[in-house]
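Student: All I have is the shape, not the residue letters:
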């Protein structure tokens, strides 16, 4: 593909990064951007990435070669509806499952979660006794609120008969008397730097 000016090249690089992340769940290397856009010089791509960063369309971590993230401004430039997932401090057992006052922060929605639409929330589960479910202290759980079919081995979020919100792995041993299933855990955000 022949790109005529720097602005077109930058938009093409931004679009390539978005599509690559959507497909692979991690950003491309500079060499992969070169190959994908049809540029031969990694120095040229580095220059465009620097300009994209200065414009606020991407953020990078210089210490990591694949650490490129598209910002909300970058999503707007690509005409994407930048959705966010609310981080909530409390979940309720009835709809609405949280109030606006429960929202602590917003996390950008990753491309692989777009199909869940507005049915996601992030909750830092206050219990530390879930190591058998691979959930550690301070993990933030990405929860899909749904009333549809739930599968064996899903980690479910439910309200018990006392309206206390709990987590459990749904298996043949799980006793489901007097509970209301609110949704399932579809991802975990874990900070590895602490």
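Tutor: Yep, it's here. This is a predicted model, so every value here is computed, not measured.

Student: shouldn't residue 155 be in contact with residue 170?
Tutor: Yes. Using C-beta atoms under 8 Å, residue 155 is in contact with residue 170, at 7.5 Å. (Each C-beta comes from the backbone N, C-alpha and C, glycine too.)

Student: domain parsing for this structure?
Tutor: Domain assignment for the chain, taken from automatic domain parsing, gives 6-77, 84-189.

Student: give me the number of residues near the closest residue in space to residue 110 that isn't next to it in sequence?
Tutor: Spatial nearest neighbour of residue 110, excluding adjacent residues (C-beta to C-beta, 6 or more residues apart in numbering): residue 25 at 7.4 Å. Neighbourhood size, residue 25 [other C-beta atoms under 10 Å]: 10.

Student: Return the distance of residue 25 relative to residue 133.
Tutor: Going from residue 25 to residue 133 by C-beta to C-beta, to the nearest Å gives 22 Å.

Student: ok, now residue 100?
Tutor: According to C-beta to C-beta, residue 100 and residue 133 sit 30 Å apart.

Student: the more surrounded of those two?
Tutor: residue 133 (15 against 8).

Student: Would you agree that one is in contact with residue 167?
Tutor: Yes. Between residue 133 and residue 167 there is a contact at 7.0 Å, judged by C-beta under 8 Å.

Student: Quickly list what's touching both of those two.
Tutor: residue 155 (C-beta atoms under 8 Å, 6 or more residues apart in numbering).

Student: roughly how far apart are the spatially closest residue to residue 122 that is not a sequence neighbour and residue 103?
Tutor: In space, residue 122 comes closest to residue 87 once its chain neighbours are excluded; the distance is 4.4 Å by C-beta to C-beta, 6+ apart. Using C-beta to C-beta, residue 87 is found at 7 Å from residue 103.

Student: same thing with residue 161?
Tutor: Taking C-beta to C-beta, one finds residue 161 at 28 Å from residue 103.

Student: got it, and residue 17?
Tutor: Remark: distance between residue 17 and residue 103 (C-beta to C-beta) = 29 Å.

Student: More neighbours: the two, which one.
Tutor: Neighbours were counted for residue 17 and for residue 103 using other C-beta under 10 Å; residue 17 has more, 25 against 15.
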